[in-house]
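*Asks:* Predicted structure and sequence below. I'll ask about it afterward.
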Amino acid sequence: MSVDSGRNIILCGFMGSGKTTLGKLLAQRLGMEFVDMDDVIVRNEGMCVPEIFAQRGEAGFRDAEHKAAVQLAASRGLVLATGGGALTFARNAEALRQSGTVVFLNPGFEVCYTRIRKTDRPLVQGNTKSQLRQLYRVRTEQYRRAAHLEVRARGNKSSCVEEVVVALSRP
Ligand code: S3P
């Protein structure tokens, strides 16, 4: 698969897998535009993510997320960092897979957990470490179903970006 800047590159993976950090660097590296799906949701809804969860529950957030997924699937040339739950829903995966290449970033649960444990993400606040580990397991299968490619992305940022570029360039 070669890098086609007319198609989107969609990064999926657990919270803390590096979707936003690596997505920004990847977009710079490939001369593409970077978009964070959670930012689109926040703009659409006029509320931050924890507020959406608090006011409308997780189901309300998932509806807003689906609206953003459909909107973004109509765009081209983006490096898109999805939210950790987005590609676990078939309706979002179907829409986004058609717009480009979906890459699963999978550095492992402990790496992700270290990065997210002190953040205000609603799912981190609402779950214990072992519940999050179980969620990681379940979601790994869902990300694998949604993705065209899987990348470990555990090293330093620039080597992770190169790992993604190499994976995207593989025939
Ligand atoms: C979520 C991940 C978050 C955000 C929301 C729900 C999830 O995005 O979309 O809190 O279900 O894993 P990040 O993966 O960018 O943290």
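*Replies:* Done, it's in.

*Asks:* Helices of the chain, start to end?
*Replies:* Along the chain, counting by DSSP state H, helices occupy 19-30, 37-45, 49-73, 90-97, 109-116, 122-125, 129-146, 157-169.

*Asks:* Relative to Ala81, which of the ones you listed is closest?
*Replies:* helix 19-30 (4.0 Å; Cβ to Cβ). (Glycine included, C-beta is placed from N, CA and C.)

*Asks:* what bits of this structure have low per-residue confidence?
*Replies:* The model of the chain has pLDDT under 70 over residues 1-2, 5.

*Asks:* which parts of it sit against the ligand?
*Replies:* Neighbours of the ligand within the chain, by Cβ under 6 Å from any ligand atom: 15, 19, 38, 49, 83-85, 121-123.

*Asks:* Show me which pair in those residues is furthest apart.
*Replies:* Lys19 and Pro122 (17.0 Å).

*Asks:* ok, the two, which is more surrounded?
*Replies:* Lys19 (29 against 16; other Cβ atoms under 10 Å).

*Asks:* related to what we said a few turns ago, from the helices of the chain, which stretch is densest packed?
*Replies:* helix 19-30 (a mean of 20; mean count of other Cβ atoms under 10 Å).

*Asks:* Just the residues contacting it, thanks.
*Replies:* Contacting residues not belonging to helix 19-30 are listed as 3, 5, 9, 11-13, 32-34, 36, 78-82, 84, 105, 153, 157-158, 160-161, 164-165 [Cβ atoms under 8 Å, 6 or more residues apart in numbering].

*Asks:* Specify the beta-bridge partners of the closest residue to Gly13 other than its chain neighbours.
*Replies:* Nearest non-adjacent residue to Gly13, counting by Cβ to Cβ, 6 or more residues apart in numbering: Leu105, 3.8 Å away. When assigned by DSSP bridges, Leu105 has beta-bridge partners Val151.
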